[in-house]
Every structure is written in C-alpha cells, then in structure tokens.
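Visitor: got a structure for you, letters missing:
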C-alpha cells in the first residue's frame, strides 16, 4: 500500500489550485456537504443554494475541520479554485477521501446545476 506524504498532497494541490477544475457535470449526492470557503462578504454577494460557509482565510475552516465527518462527501468551491484547492488539500491531509473541487462559484453552479442565491 502506498502512502502519499502530506507535503506531496499540498504541493500537488498548490500546483493545480490555479487551474480551473473541469466544468463537466458533477453528480452531487443527496447527503453531500457543499462548502463555500470564501469570505462572508463574498458569500453574501452570491452562493450555491444550501452551501455552508467556512471562510478559509479567516480561520473558520481550520477551526471547524476537526469537527467535520471524514467519511462524508464534500464538494468545495471559492472564487477562482485557489482556496477550494487549498481546502481540499488540507482535508485530504486530515484523512478525508470523498472530495471534489468545484472551482469558482460559477463553475460550481454549472457543474452541479445548483442555483446561485443572490
């Protein structure tokens, strides 16, 4: 069995964070948790219906991460895909396995078909 070193996971996430994830359709399971890792101001300007706000840069994400269920399905988005990539890397390092980086809010809405609430 291979073990991916946390530094490798972070490096890979950093290298891919600036590229947009595929905007192909993504099936979001009925129990999937949609995470918006942007700021509260960005969230207030528009967010996916049902998304949970966990501000990555403000520290809220790091504070709540130990309380999240590592067995659950998570789909994560931000403004450009950068912060969601960072969040996915942190979650993977913590043992989460069912993770999807949706990229930007617009990419997330297109990929999932979930409405943007403004």
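Guide: It's in. Predicted model only: the values in this text are computed from it and were never measured.

Visitor: going forward, measure contacts and count neighbours with C-alpha atoms only.
Guide: Noted.

Visitor: got a list of what residue 105 touches?
Guide: 47, 48, 77, 78, 79, 80, 116 (C-alpha atoms under 8 Å, 6 or more residues apart in numbering).

Visitor: for the protein, which residues score under the pLDDT cut-off?
Guide: 1-23 (pLDDT under 70).

Visitor: my guess is residue 45 meets residue 79, correct?
Guide: No: contact criterion C-alpha atoms under 8 Å: residue 45 and residue 79 do not qualify, at 11.4 Å.

Visitor: between those two, which one's more packed in?
Guide: For residue 45 versus residue 79, the count of surrounding residues by other C-alpha atoms under 10 Å is larger for residue 79: 19 against 10.

Visitor: ok, residues contacting stretch 58-74?
Guide: With contacts defined as C-alpha under 8 Å, 6+ apart, stretch 58-74 is touched by 29, 31-35, 37, 39, 54-56, 87, 91, 94-100.

Visitor: which of those are buried? Put it as a PyMOL command.
Guide: In PyMOL, this line selects whichever of those come out buried by 16 or more other C-alpha atoms under 10 Å:
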select buried, resi 33+34+35+37+39+54+55+56+87+91+96+99+100
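
Visitor: helix/strand/coil for the residue nearest to the spatial centre of the chain?
Guide: What sits nearest the mean C-alpha location of the chain, by C-alpha atoms, centre = their mean, is residue 76, with 2.0 Å. State at residue 76, reduced to three classes by DSSP: H, G, I helix; E, B strand; the rest coil: strand.
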